[in-house]
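Student: sharing a model prediction with you, sequence too.
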Amino acid sequence: MKENGQSPKTKLKLSRALVVEGRDDAAAVSRAAEALIIPTHGFGITAETWEVIAKADKEKGLVILTDPDHAGEQIRRMLTERFPDALQAYIARDEALAAGDIGVENAEPDVIREALEKALSRGAGGADPSEGRDSGGFAGMSELRELGLAGCEGAAARRAAVCRRLGIGYGNASAMIKRLRGFGIGTDELREEVEKGGKE
């Protein structure tokens, strides 16, 4: 989704509601996008907030954007269990870091916009997680090892770079396999991303 020559400060307009963790995250996201933004206020999601999220899911659809840390991933899982059709937006840890603090509120508007655009493009593409986007099927641990994304020196850094380019959020090898399947990214597409990284 290109911004067609518009100012880089142009806000992305979302028809879906956007679920984030806290008020600071909501403020940061509002600088990047125009959307109904619903903060969960951490783990202690109240019954009232669950109702608001459920209403938004039913009427608008959801995009989930949580902090790229352990707590954020737990909150994302809680939300996804209840709302499995929600789109998933991810920001890399190093793009959400400020003075040792990791959070969406630290990300630049351009970074937030890019994360949301990637989530929307995956959702709009209608990719069925049960099918590969290409003829290569899905990567397992052996393919990740073959591509240098697991079980060798430098694998974590290569994995982080590939996950960032794909917009699927960083994870260990097992998490990456699950996300590749969830986003419908086949082995051939993954291989192209790895090769592209080697040429940069």
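Tutor: Looks like it arrived, so ask away.
Student: so where's the chain uncertain?
Tutor: Flagging of the chain using pLDDT under 70 yields the residue ranges 1-9, 123-136, 182, 198-200.
Student: show me the domain layout of it.
Tutor: According to automatic domain parsing, the chain comprises the domains 12-124, 141-199.
Student: okay if I get those as JSON lines plus mean neighbour count?
Tutor: Any C-beta I mention is one placed from the backbone N, CA and C, and that applies to glycine too. Listed next are the domains of the chain as JSON lines, based on neighbours: other CB atoms under 10 Å:
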{"stretch": "domain 12-124", "mean neighbour count": "18"}
{"stretch": "domain 141-199", "mean neighbour count": "17"}
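Student: residue boundaries of the helices in this protein?
Tutor: Counting by DSSP state H, the chain has helices at residues 23-30, 47-59, 70-82, 109-124, 141-146, 155-166, 173-182, 187-199.
Student: any chance of these in a markdown table, plus distance to residue 37?
Tutor: Output for these, formatted as a markdown table (distance: least, CB to CB, whole Å):
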| stretch | distance to residue 37 |
| --- | --- |
| helix 23-30 | 5 |
| helix 47-59 | 10 |
| helix 70-82 | 14 |
| helix 109-124 | 11 |
| helix 141-146 | 35 |
| helix 155-166 | 24 |
| helix 173-182 | 24 |
| helix 187-199 | 30 |
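Student: go through those and name the closest to residue 94.
Tutor: Proximity to residue 94, assessed across those by CB to CB, is greatest for helix 155-166 (8.4 Å).
Student: would you put the C-alpha positions of that closest one in PDB?
Tutor: Extracted C-alpha coordinates of helix 155-166, given in PDB (Å, rounded to 0.1, in the frame of the first residue of the first chain):
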ATOM      1  CA  ALA A 155      20.600 -17.800  12.500                       C
ATOM      2  CA  ALA A 156      18.800 -15.500  15.000                       C
ATOM      3  CA  ALA A 157      20.000 -12.400  13.300                       C
ATOM      4  CA  ARG A 158      19.100 -13.700   9.800                       C
ATOM      5  CA  ARG A 159      15.700 -14.900  11.200                       C
ATOM      6  CA  ALA A 160      15.000 -11.400  12.700                       C
ATOM      7  CA  ALA A 161      15.900  -9.700   9.400                       C
ATOM      8  CA  VAL A 162      13.600 -12.000   7.300                       C
ATOM      9  CA  CYS A 163      10.800 -11.700   9.800                       C
ATOM     10  CA  ARG A 164      11.000  -8.000   9.700                       C
ATOM     11  CA  ARG A 165      10.900  -7.900   5.900                       C
ATOM     12  CA  LEU A 166       7.900 -10.200   5.900                       C
END
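Student: which helices and strands sit right next to it?
Tutor: helix 173-182, helix 187-199 (3 or more CB pairs under 8 Å, 6 or more residues apart in numbering; DSSP states H and E).
Student: would you turn those helices into JSON lines with distance to residue 104?
Tutor: Below are these laid out as JSON lines (distance: least, CB to CB, whole Å):
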{"stretch": "helix 173-182", "distance to residue 104": "18"}
{"stretch": "helix 187-199", "distance to residue 104": "24"}
